[in-house]
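Student: Provide a 3D model corresponding to the input given below.
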Amino acid sequence: MKTTLNNNALPILYSLRNCPYAMRARIAIYYSQQPIILRDVVLNNKPEAMLKASPKGTVPVLVLSEQKVIEESLEVMLWALGSNDPDNFLQSHNDEALTQMLTVIARFDHDFKACLEAYKCAKRYHEGDLIQHRQACEVHIQDLEQRLTQHQFLMSSTPSLMDIALLPFIRQFARVERQWYLQSPYPRLRKWLNNYLQSPMFTKVMAKFPLWSPGHEAVIFGPSICGKV
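Tutor: Residues are numbered from 1 along each chain as shown. Okay, here's the model as predicted:
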């Protein structure tokens, strides 16, 4: 899709389509309505340009300029929504909301993510402690289900940073034991997750593009423009 955007002025996001951290960065950028250049990569063949910008070699990496690079997914989200937040995902009307959301996100990023990785490994390698690892995840899942009994979204009656930051990891949890999950005692969480997975936003965020390499056409990512230029 041809556009009149000046590509040289756009931030560059190095991303991996199914990485949950890259996924939530793209979701926040989508909702911020800010176009960026998207460069899909694979981690077993990391582009030199990406490693030059961020030697740590993981995604997402957002290059704003030679001097400014953001290397963590949550920081990318805060940059995007801090620059433009038309749907008020940062809940600016509530002075304590952002602190509360960041606290919950940090707990999921550390405690739940560790439980989830153990759960996934137990399923993949047919280990005998699968149920114990699932139950460890459920401690966190139960908290979300309880939140959703109080309001439609995790933080309040409107979507927030917390919803889109946790979404990719809850999606992973739901896929480990699909049949168990569909019958699990978390109907509100299932509805919450399905609403996102079936949304136009998720379709655009998960669009598949050719892997980037130097000389390739730029892929512009955004809510109303998504294609090669």
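
Student: hang on, isn't A22 packed against S73?
Tutor: Yes: contact criterion C-beta atoms under 8 Å: A22 and S73 qualify, at 6.9 Å. In this view, the C-beta of every residue, glycine as well, is placed from N, C-alpha and C.

Student: Find the residues that touch each one of these two.
Tutor: Residues touching both A22 and S73 (C-beta atoms under 8 Å, 6 or more residues apart in numbering) are P60.

Student: hmm, who's touching the helix or strand harbouring G82?
Tutor: In the assignment (DSSP states H and E), G82 maps to helix 73-83. Contacts with helix 73-83, where a contact means C-beta under 8 Å, 6+ apart, come from 13, 21-22, 24-25, 27-29, 31-32, 34, 60, 62, 64, 70, 89-90, 102, 105, 109, 161, 164-165.

Student: run the last query once more with 6 Å
Tutor: Y21, R24, A25, A28, I29, S32, P60, L62, I70, F89, L90 (C-beta atoms under 6 Å, 6 or more residues apart in numbering).

Student: Which members of those occur in helices, if any?
Tutor: When those are checked against helices (DSSP state H), the matches are Y21, R24, A25, A28, I29, S32.

Student: Look up how far A53 lies from Y31.
Tutor: Distance check for Y31 against A53: by C-beta to C-beta, to the nearest Å, it reads 24 Å.

Student: out of those two, which sits in the busier spot?
Tutor: Taking neighbours as other C-beta atoms under 10 Å, Y31 and A53 compare with Y31 leading, 22 against 18.

Student: Which residue ranges make up each domain of the protein?
Tutor: What automatic domain parsing lists as the domains of the chain is 7-89+202-228, 97-197.

Student: Now mean pLDDT too, for those, in JSON lines please.
Tutor: Shown next, in JSON lines, are the domains of the chain (pLDDT from 0 to 100):
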{"stretch": "domain 7-89+202-228", "mean pLDDT": "93"}
{"stretch": "domain 97-197", "mean pLDDT": "98"}
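
Student: give the contact list for the spatially most central residue of the chain.
Tutor: Of all residues in the chain, the one closest to the mean position by C-alpha atoms, centre = their mean is R24, 1.4 Å from it. For R24, the contacting residues are S73, I164, A165, P168, by C-beta under 6 Å, 6+ apart.

Student: quick one on the thing from earlier: just give me the closest of the ones in helices among the contacts of helix 73-83 to S213.
Tutor: Of all the ones in helices among the contacts of helix 73-83, S213 sits closest to A25, with 21.0 Å by C-beta to C-beta.

Student: in terms of contact, does that closest one touch V61 like I think?
Tutor: No: in this structure A25 lies outside contact range of V61 using C-beta atoms under 6 Å: 9.3 Å.

Student: Show me which of these two is the more surrounded one.
Tutor: Between A25 and V61, A25 has the larger neighbour count (other C-beta under 10 Å), namely 32 against 26.

Student: Tell me if G128 really is in a strand.
Tutor: No: counting by DSSP: H, G, I helix; E, B strand; the rest coil, G128 falls outside a strand, being coil.

Student: Buried residues, stretch 102-111. List them.
Tutor: The neighbour-count check on stretch 102-111 (16 or more other C-beta atoms under 10 Å) flags L102, V104, I105, F108, D109 as buried.

Student: and whichever helix or strand comes after the helix holding G82, C-alpha only, in PDB?
Tutor: Once helix 73-83 ends, the next helix or strand along the chain (criterion: DSSP H and E) is helix 97-107. Output of helix 97-107 as PDB, limited to C-alpha atoms (Å, rounded to 0.1, in the frame of the first residue of the first chain):
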ATOM      1  CA  ALA A  97      -4.000   3.200  38.300                       C
ATOM      2  CA  LEU A  98      -0.700   3.000  36.400                       C
ATOM      3  CA  THR A  99       1.200   2.000  39.600                       C
ATOM      4  CA  GLN A 100      -1.400  -0.700  40.300                       C
ATOM      5  CA  MET A 101      -1.300  -2.000  36.800                       C
ATOM      6  CA  LEU A 102       2.500  -2.100  36.700                       C
ATOM      7  CA  THR A 103       2.600  -4.000  40.000                       C
ATOM      8  CA  VAL A 104       0.200  -6.700  38.600                       C
ATOM      9  CA  ILE A 105       2.100  -6.800  35.200                       C
ATOM     10  CA  ALA A 106       5.400  -7.300  37.100                       C
ATOM     11  CA  ARG A 107       4.000 -10.200  39.100                       C
END
